[in-house]
Structure formats: C-alpha cells, structure tokens
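1. Return a 3D structure for these sequence lines:
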Amino acid sequence: MKMAQSGVFVGIDVCGRVLDICLWPSRETFQVANDQQGHEALIARLKMFTVKVVGLEASGGYERSILKALFAAGFTVRRVNPWRVHCFAKAAGILAKNDKIDARAIAQFIALIPDRPTIPNPQAEALAELVTARRQLTEDLTRAKNQAAHVSQPLLGRLAKRRAESLKADIAELDKAIADFVASDAELARKNALLRSVPSVGPVFAHTLLAQMPELGQLTNRQAAALMGVAPYDCESGQFRGQRRIFGGRKHVRDVAYMAAINAGPFNPILKEVRDRLQTAGKKPKVIIVAIMRRLITILNAMLRNNTPWRTA
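-> Got it, this is the predicted structure:
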C-alpha cells in the first residue's frame, strides 16, 4: 500500500559500489548497493510511495544499470546536469558535500526546477557506447602520434609508433561496427541517410549526432543550438553591452561539429554563403565558425523533423 503523500521526489547519488538516496520533502535518506539486488530493494521501497520523479546525475556509466531498472519499473526519471545541481546547491546554501548531501541536493533540484524527463532510448545508448569508445581511441592516437614526434629516445619512438598503428586498426574496426549497427536499425539508418545527404556531414559527425544528440528533430532551432552549445547568450547590464557568448551544451558533439563547420565552406554552398557574408562584415574567425555550426545544426534539426533530405534550392 502506498503511503499517503502528495508526491515524493527521489534524489540518487551514484557511485560504483553504492547508491545514496534521499526522499523529498521528508528528507529521509538510505543507501543500497549498486547491483541487481540493491536495485530490486530500492524499487520495492520506492513503490511504497507516490513517486513523481527520480533524479540522478550522469556518473561515468555507473548510472546505466539503475537507470535501466528504474525505466523497467515504470518510474519517471531525470538524468540531471551535475553543474546545474552544483550551482543550485550553492544558491540554496548547501556548502558541505558528501554523498547523502548530494542526494538531497538532487532531490530538491528536481522538485523545484522543472525539466523534461529522460526518455529511454536503448539503441541510442548502445550506439553512444561505441561512439564514445571511438572518441577515446582517437584521443589516445593523437597522444601516441605526439609522443612519437617529440621523444628523443629511439625506443620510445618505436613504441609510440607501434601503439599508433594498433590504435588505427582498432578505430577502423570500430568504424565498421558503428556503421553496421546504424545500418541494422531502420530508424537510425533513415536518420543517418538524411544527415549524410548534407555536404560536409561525414560519418563521424552523423553517428555522433545519432548517439549523443538523439533529440535532434524534436527540438526548436533555438533548443537544438543550445543543446549543442552554440546558442549565443546576452552579456548586458544597464548601459553595458558586452559581447554575446556561447555557453554549456554537449561538448563532444560540439567538438565534432567544429570540424564539420571548418570543412563546410568549400563544399556546402549555403554555409559558404554564411561564411562569406560574415567575413565581409569583418567578423572574427571563431565567430564565423560558431555561426556556421549554429546554422548547420538548425538545418539538420529541420531535416530530421520534416523527414526531408538536403537540397540547395
């Protein structure tokens, strides 16, 4: 029988071994193991309440199994931005920090700050795991190449070159696995074909969008730009008019979009027009690149929303 409460907000602080849980507004706290037995115990306990929302932060993958269990049990879940929760806690005067306090801050945050719930998307999550692994290998490859180019000891140079060749082979294998995964799913394959129809959108950028920005096509243009982190924000106060700046967003998506934007000028006539117009106006190079990224993501968002391939006219 559910306890007679108007609604409970549940904050979960995730670590590798345990989950710290806070129920708001009662402030009741408890702890369970971050394993199947602990998840079952948590869900059984939460079913005693009228739970409105369960909130937790991304925690390097440690949150995946409990997210899956909560979705399967039918709870509404929000995966919250750790930076926003941190700012909220400071504003609320929560200066101490430990796992129980973090769980309470998350519970308060989801109770007071409205946002959309996280929607389970197993295909995007599986693809994201592959895309993330590829990005990490690419970063390792860059380090190996840099080391090979700058070490003075021949042995270290040979080891770095050998490691670089191995990483290249691993990346090629992952590229094939990612392409096969996308091709095996009808919805992912449809979206991928639309994205790839745009000049300057290559497989890495398209796959990154499918994996790490699955909301694309369901957003307004402003939301799409903000989610990538290329929406400009005012910096004004009284008579002061500062330069507008971008802030936040999904860094890994933005990093890949940056490379696509650099290559867009020579190959994409619409984005080339944007570049040329801003260059004529005397804008700085980075301002131009960000503007191209913003225009590109809004175009891609509209194409997925309308199920329309690229066309120049």
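2. okay, CA-based contacts and neighbour counts for the rest of this
-> OK.
3. Please work out which residues outside the worst-scoring helix or strand of the chain on mean pLDDT touch it.
-> Least confident helix or strand, the chain: strand 236-237 with a mean of 78, by mean pLDDT, DSSP states H and E. Strand 236-237 is contacted by residues residue 242 when judged by CA atoms under 8 Å, 6 or more residues apart in numbering.
4. any idea how far it is from the chain center?
-> 30 Å (CA atoms, centre = their mean, to the nearest Å).
5. Just give the strands next to that strand in its sheet, each with its orientation.
-> Next to strand 236-237 in the sheet, as set by DSSP bridges, lie strand 240-241 (antiparallel).
6. mind listing what the helix or strand that comes right after the strand it pairs with pairs with, with the direction of each?
-> Next helix or strand after strand 240-241 toward the C-terminus (DSSP states H and E): strand 245-246. Strands that pair with strand 245-246, judged by DSSP bridges, come out as strand 232-233 (antiparallel).
7. Surely residue 258 is in contact with residue 294?
-> No - Residue 258 sits out of contact with residue 294 when judged by CA atoms under 8 Å, with a separation of 10.1 Å.
8. more neighbours, those two?
-> In this view residue 258 and residue 294 are compared by other CA atoms under 10 Å, and residue 294 has more residues nearby, 24 against 18.
9. Alpha carbons of the host helix or strand of the more buried one, as PDB, please.
-> Applying DSSP H and E as the criterion places residue 294 in helix 285-306. Output of helix 285-306 as PDB, limited to C-alpha atoms (Å, rounded to 0.1, in the frame of the first residue of the first chain):
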ATOM      1  CA  PRO A 285      37.200  33.600 -37.500                       C
ATOM      2  CA  LYS A 286      35.900  31.800 -34.400                       C
ATOM      3  CA  VAL A 287      32.600  33.900 -34.500                       C
ATOM      4  CA  ILE A 288      32.200  32.700 -38.100                       C
ATOM      5  CA  ILE A 289      32.900  29.100 -37.300                       C
ATOM      6  CA  VAL A 290      30.300  29.200 -34.400                       C
ATOM      7  CA  ALA A 291      27.800  30.800 -36.700                       C
ATOM      8  CA  ILE A 292      28.300  28.100 -39.300                       C
ATOM      9  CA  MET A 293      27.900  25.400 -36.600                       C
ATOM     10  CA  ARG A 294      24.700  27.000 -35.400                       C
ATOM     11  CA  ARG A 295      23.300  27.200 -39.000                       C
ATOM     12  CA  LEU A 296      24.300  23.600 -39.700                       C
ATOM     13  CA  ILE A 297      22.600  22.200 -36.600                       C
ATOM     14  CA  THR A 298      19.400  24.100 -37.200                       C
ATOM     15  CA  ILE A 299      19.400  22.800 -40.800                       C
ATOM     16  CA  LEU A 300      19.900  19.200 -39.600                       C
ATOM     17  CA  ASN A 301      17.200  19.600 -37.000                       C
ATOM     18  CA  ALA A 302      14.700  20.800 -39.600                       C
ATOM     19  CA  MET A 303      15.600  18.000 -42.000                       C
ATOM     20  CA  LEU A 304      15.000  15.300 -39.400                       C
ATOM     21  CA  ARG A 305      11.900  17.000 -38.100                       C
ATOM     22  CA  ASN A 306      10.400  17.200 -41.600                       C
END
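10. Could you pull out the helices in the stretch 51-200 of the chain for me?
-> Ranges of helices within the stretch 51-200 of the chain are 64-72, 82-91, 99-112, 122-150, 154-184, 186-196, based on DSSP state H, counting those that start in this stretch.
11. And for residue 85, the neighbour number?
-> As a measure of burial, residue 85 has 20 neighbours, counting by other CA under 10 Å.
12. for residue 259, that is, sorry about that
-> 15.
13. That one should be in a helix, yeah?
-> Yes - under DSSP: H, G, I helix; E, B strand; the rest coil, residue 259 sits within a helix.
14. Distance of it relative to residue 292?
-> Residue 259 is 11 Å from residue 292, where distance means CA to CA, to the nearest Å.
15. One more: residue 172?
-> For residue 172, the distance to residue 292 - CA to CA - is 29 Å.
16. got it, and residue 169?
-> 33 Å.
17. These two: who's more crowded?
-> residue 292 (27 against 12).
18. Quick check: closest non-adjacent residue to residue 228.
-> residue 249 (4.7 Å; CA to CA, 6 or more residues apart in numbering).
19. what's the burial count for that neighbour?
-> 16.
20. Isn't it up against residue 229?
-> Yes - counting by CA under 8 Å, residue 249 touches residue 229, with 3.7 Å between them.
21. so who does residue 43 touch?
-> With CA under 8 Å, 6+ apart, residue 43 has these contacts: 70, 73.
22. so which strand or helix has it?
-> Residue-wise, residue 43 maps onto helix 36-46 under DSSP H and E.
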